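Student: Next comes the sequence, and after it the predicted model I'd like to discuss.
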Amino acid sequence: EPEVTQTPSHQVTQMGQEVILRCVPISNHLYFYWYRQILGQKVEFLVSFYNNEISEKSEIFDDQFSVERPDGSNFTLKIRSTKLEDSAMYFCASTLGPSNTEAFFGQGTRLTVV
Amino acid sequence: GESVGLHLPTLSVQEGDNSIINCAYSNSASDYFIWYKQESGKGPQFIIDIRSNMDKRQGQRVTVLLNKTVKHLSLQIAATQPGDSAVYFCAEIPNQAGTALIFGKGTTLSVSS
């Protein structure tokens, strides 16, 4: 069964450092997303990406965040200068098309900022 | 503003019982409402969705009910099994031109055998 894969599973970084979280969405999917989940809380939307550009973003997704699809398979989330409050589980997801509500989520990357 | 929330943070049931998980939403313009399940250490997993022009949809062992009058969504799980133990989130797509999911806070379902 096709799945979304994320690497690494756990990343520990110093405050102020840049991190890049990586995702490989399902190969025939066209829409890609990043969500985050602070421990014990709900899943929060960060950004959606389609046709090589951002299609929607939330208030959380400020100038410290950026996304990229550097090649035909990877989708990355970069946090330029991490803060303690960026510590969370980051989930990548993909959907087949715009009216498809079944988003496939990866296993997540646990980011710990110290 | 738009928000999706759940009535109870936890629900404990016995194996074989039927479970009902509830959710209240505030955005009347949302086109789709969706239930996701999150098992420990995993990402959310799609269960079932319902379009705003429907009031009931059935899947395998699950039923979603939508009451637009009171802005209420529920997920019914028949014959609950230990494998159903997880956190359940309702979500909506509030932007009719978009695809972003807005999640509620989650209900933890614990099934004892």
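Tutor: Received it, and whenever you're ready, just let me know what you need. Numbers count the residues shown, from 1 in each chain, chains lettered A, B, ... in the order given.

Student: Find the residue closest to residue 105 in space, skipping its chain neighbours.
Tutor: Unless you meant another one, I'm taking chain A. Here the nearest residue to A:Phe105 in space, its sequence neighbours aside, is B:Gly43; by C-beta to C-beta, 6 or more residues apart in numbering or on different chains that works out to 3.1 Å. To be clear about C-beta, it is placed using only N, CA and C from the backbone, and glycine gets the same treatment.

Student: not quite, I wanted chain B
Tutor: Leaving aside its sequence neighbours, B:Lys105 sits nearest to A:Lys42 (C-beta to C-beta, 6+ apart; 4.7 Å).

Student: before we move on, back to that, I'd like to know how many residues surround the residue nearest to A:Phe105.
Tutor: Residues within reach of B:Gly43, counting by other C-beta atoms under 10 Å in any protein chain shown, total 23.

Student: Give me the three-state assignment for it.
Tutor: Judged by DSSP: H, G, I helix; E, B strand; the rest coil, the three-state class of B:Gly43 is coil.

Student: what comes into contact with whichever strand or helix holds B:Leu73?
Tutor: Secondary-structure assignment from DSSP states H and E places B:Leu73 in strand B:72-77. Applying C-beta atoms under 8 Å, 6 or more residues apart in numbering or on different chains, the contact partners of strand B:72-77 are B:18-25, B:33, B:35, B:47-48, B:50, B:61-67, B:84, B:88, B:90, B:109.

Student: pretty sure the residue nearest to B:Lys105 contacts B:Phe89?
Tutor: Yes - look at A:Lys42 against B:Phe89 with C-beta atoms under 8 Å: they come within range, at 6.6 Å.

Student: buried set for stretch A:68-81?
Tutor: Of the residues in stretch A:68-81, those buried by neighbour count under the rule 16 or more other C-beta atoms under 10 Å in any protein chain shown are A:69, A:75, A:77, A:79.

Student: Need the pLDDT of the last one.
Tutor: By that I understand A:Ile79. Listed pLDDT for A:Ile79 reads 98.

Student: Ok, the first one next?
Tutor: pLDDT for A:Arg69: 94.

Student: next one: the second one
Tutor: We have a pLDDT of 97 for A:Phe75.

Student: Close to chain A: what parts of chain B are there?
Tutor: For chain B, the residues found near chain A under the criterion C-beta under 8 Å from any C-beta of the partner chain are B:32, B:34, B:36, B:38, B:41-46, B:49, B:89, B:91, B:93, B:95, B:98-106.

Student: from those residues, which ones fall inside strands?
Tutor: Those of the residues of chain B next to chain A mapping onto strands are B:32, B:34, B:36, B:38, B:45-46, B:49, B:89, B:91, B:93, B:102-103, per DSSP state E.

Student: Can you list phi and psi of A:Leu84 for me?
Tutor: phi -60, psi -40 (degrees, to the nearest 10).

Student: how far away is it from chain B?
Tutor: Applying C-beta to the nearest C-beta, to the nearest Å, the value for A:Leu84 to chain B is 23 Å.

Student: Give me the spatial nearest neighbour of that residue, chain neighbours excluded.
Tutor: A:Val113 (5.2 Å).

Student: ok, back up a step: between A:Lys42 and B:Phe89, tell me which one has more neighbours.
Tutor: The residue with more neighbours, out of A:Lys42 and B:Phe89, is B:Phe89; 26 against 18, by other C-beta under 10 Å.
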